[in-house]
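Undergrad: coordinates only, sequence not included:
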């Protein structure tokens, strides 16, 4: 996206995927890279059965998730000591800077829409390898 171009409305068809630092494959969506977004990033994530992300946080940026189908387990907190299961039709909020690790423990894929206050798809992702071993899935 040419940064000098006048902003305009855009349609993005999430056909292309990219590999996130977290270890999951995301469908390309609304971001600085695709439409020149300045304050938001939104994309679609489908986690296959048994998939799990690497422990990470989003530095200085909030995350909002809407689970379209299936369910995902997420461990969160300084030592991933908290656990929640997000089901289809539910929304989940992750404050900026909170470590988390999502996983799909079911036998079916789960799909979510993810929005973040970081307009760049991967800029605020900070991997936390020291926490990866705290959760066995």
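TA: Thanks, I have the structure now. Being a predicted model, the structure only gives us computed values, none of them experimental.

Undergrad: leaving out sequence neighbours, find the closest residue to residue 53.
TA: In this structure, residue 53 finds its nearest non-sequential neighbour in residue 22, 4.1 Å apart by CB to CB, 6 or more residues apart in numbering. In this view, the C-beta of every residue, glycine as well, is placed from N, C-alpha and C.

Undergrad: surely residue 23 meets residue 55?
TA: No - assessed by CB atoms under 8 Å, residue 23 is found out of contact with residue 55, at 9.9 Å.

Undergrad: more neighbours: the two, which one.
TA: Taking other CB atoms under 10 Å, residue 23 and residue 55 do not tie; residue 55 has more neighbours (24 against 15).

Undergrad: least confident secondary structure element in the protein?
TA: strand 17-19 (a mean of 83; mean pLDDT, DSSP states H and E).

Undergrad: so after that one, what's the next helix or strand?
TA: Scanning forward in sequence from strand 17-19 by DSSP states H and E, the next helix or strand is strand 25-30.

Undergrad: residues making contact with the following helix or strand past that next one?
TA: Toward the C-terminal end, the helix or strand that comes next after strand 25-30 (DSSP H and E) is helix 32-35. Residues from elsewhere that reach helix 32-35, judged by CB atoms under 8 Å, 6 or more residues apart in numbering: 1, 10, 12, 28, 38, 41, 119-121.

Undergrad: ok now helix 32-35, how far from the chain's centre?
TA: Relative to the chain's own centre, helix 32-35 is displaced by 16 Å; criterion: CA atoms, centre = their mean, to the nearest Å.

Undergrad: re the thing from before, and the residue nearest to residue 53, how far is that from residue 135?
TA: Using CB to CB, to the nearest Å, one gets 14 Å for the distance from residue 22 to residue 135.
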